[in-house]
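Asker: following is a predicted model, sequence given first.
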Amino acid sequence: MAKLGYKWYPKDWKTDEKVFSMRLELRGFYRELIDFAYENDNFFIINEKYWTRTLGITKTKLRILLSQLCAIKVLEVTGEMWHIPSVEKRMVFIRSGSLGGKGRGKGKDEGSPKPNDNQKKGKGKGNNKGNSKMSELIKNSNVLNCYYECIKFFPDHLVPTIGNPLMNWLDTIEKLNRIDKIPFGKIIEIVKLTREDAFWSKNFLSIPKLRKKDSSGVKYVVVFNEKFKSKTKNYSPMDLILQTVKNIEVNDG
């Protein structure tokens, strides 16, 4: 299909709730993908080498951005093929020739995606709760920033970037802070020191392990903290205030 021009509505873009919830980096990537989708009939493969060079980011960061767009349902993937639902609505008319020019017929909805077997049978509803939870976690900037810092100490092949594994990592960080009352800075520090330890680096392969318990019933986050206590920093109330301010500045900047 030939490359197409298309109408752009700035007001719709600015007032869209999902777009508004995105940070600038994610919003810019999404905008690039929309153009890319129109140029490729809205079904395309993500070439990681191309996008990492274009955006100047790592493969891990690229996968995280993709997972964030999938979590809020502005991007979908089937097998290796990606598409943008909002673009598909217009592509249906373009393919059928309803917008003028040469097409496969007038007014025929030949390009309309057909429901798959799961949709016909009403399956997949159980994922709504999981998608909602993932969306809430991704919108929590403190949790997300902590995640970004923690994954620096894990090799790429251990870092989850999509689906339930990613949600489990984010959920663990959120609970460590909200339930266990551990500052985000402390979580990062424990992860760093544990992953740098010759023995534990081979036995601490995922963030969710921090809330699991050892044979004595003690959470590993406590075990690790006690083991590396002499190397960790005691966070005063002022430290926590400064950390919060720093997070706000990073998100606003």
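Answerer: Nice, thanks for sending it over.
Asker: ok, now which ones touch residue 25?
Answerer: Counting by Cβ atoms under 8 Å, 6 or more residues apart in numbering, residue 25 makes contact with residue 65. Every residue, glycine included, has its C-beta placed from N, CA and C.
Asker: doesn't it belong to a helix?
Answerer: Yes - secondary structure assignment places residue 25 in a helix (DSSP: H, G, I helix; E, B strand; the rest coil).
Asker: and it, how far is that from residue 190?
Answerer: Distance of residue 25 to residue 190, given as Cβ to Cβ, to the nearest Å: 27 Å.
Asker: likewise for residue 68?
Answerer: Distance from residue 68 to residue 190, by Cβ to Cβ: 25 Å.
Asker: again, but for residue 146
Answerer: 11 Å.
Asker: just residue 35 next, same as before
Answerer: Relative to residue 190, and taking Cβ to Cβ, residue 35 is found at 42 Å.
Asker: can you say which helix or strand has residue 82 in it?
Answerer: strand 81-83 (DSSP states H and E).
Asker: now that strand: buried residues?
Answerer: Neighbour counts over strand 81-83 (16 or more other Cβ atoms under 10 Å) mark 82-83 as buried.
Asker: just checking, what packs against it?
Answerer: With contacts defined as 3 or more Cβ pairs under 8 Å, 6 or more residues apart in numbering; DSSP states H and E, the packing partners of strand 81-83 are strand 76-78.
Asker: what mean pLDDT does the strand it packs on get?
Answerer: Mean pLDDT, strand 76-78: 78.
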